[in-house]
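Asker: predicted model and sequence below, questions to follow.
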Amino acid sequence: MDMAQPDLKLDVAGVNALMARAFPDASPQALPQVTELAPGRAHIVRPYGPGMLRPGGVIAGPNLMSLADSAAYALILAHIGDQLMAVTSSLLMNFLRGAVPGDLHAEASFLRLGRRIAVCDVRLWTESQDRLAAQATVTYAIPS
């Protein structure tokens, strides 16, 4: 897809600060951190913790879904700025393989960024970006 990428309004530090402000009750260890931003793309990491596992020794699905949603939110905030009331309207998750214990990574990119809606593709992994654990399509409603 050859789509012009929108400009960033916030840098990594700005998005991390905004996310911390949006979720003031979250412990710093539980809040994923944006590690890279580029026009149309964001990479975030949630450090591994033993409470993330499900029976079978893999990271539980709700952790993957939460990180997919957080990655989309971070990507959107980086491009629209301080609009904390952007809200998830849809999240479609595809689990591809068990996510082995380790830091959980998510790479989000835009499929569409409009004035009122954003659709993001999010890919998640622990081992390697070549061994995806899950993929999500996340849609956000953006306040006018």
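Answerer: Arrived safely, thanks for sending.
Asker: for this protein, which helix is longest?
Answerer: What stands out as the longest helix in the chain, according to DSSP state H, is helix 61-80.
Asker: what residues of the helix or strand following that one count as buried?
Answerer: The first helix or strand that comes after helix 61-80 along the chain, using DSSP states H and E, is strand 87-95. By neighbour count on 16 or more other C-beta atoms under 10 Å, the buried set for strand 87-95 is Leu91, Met93, Phe95. (Glycine included, C-beta is placed from N, CA and C.)
Asker: just curious, which of the residues you listed is nearest to Gly114?
Answerer: Distance to Gly114, by C-beta to C-beta, is smallest for Leu91 among the buried residues of strand 87-95, at 18.0 Å.
Asker: ok, and the closest non-adjacent residue to that closest one?
Answerer: The shortest distance from Leu91 to any non-neighbouring residue, by C-beta to C-beta, 6 or more residues apart in numbering, is to Val138 (5.0 Å).
Asker: list the residues that contact the one you found.
Answerer: Going by C-beta atoms under 8 Å, 6 or more residues apart in numbering, Val138 touches Ala68, Asp69, Ala71, Ala72, Thr88, Ser90, Leu91, Leu92, Ala108, Val119, Cys120, Val122.
Asker: surely the last one touches Ser66?
Answerer: Going back to what we said before, that points to Val122. No. Applying C-beta atoms under 8 Å as the test, Val122 and Ser66 come out as separate, 11.3 Å apart.
Asker: more crowded one of the two?
Answerer: Per other C-beta atoms under 10 Å, whichever of Val122 and Ser66 has more neighbours is Val122, with 26 against 18.
Asker: so is that one in a helix, a strand, or just coil?
Answerer: For Val122, the assignment made with DSSP: H, G, I helix; E, B strand; the rest coil gives strand.
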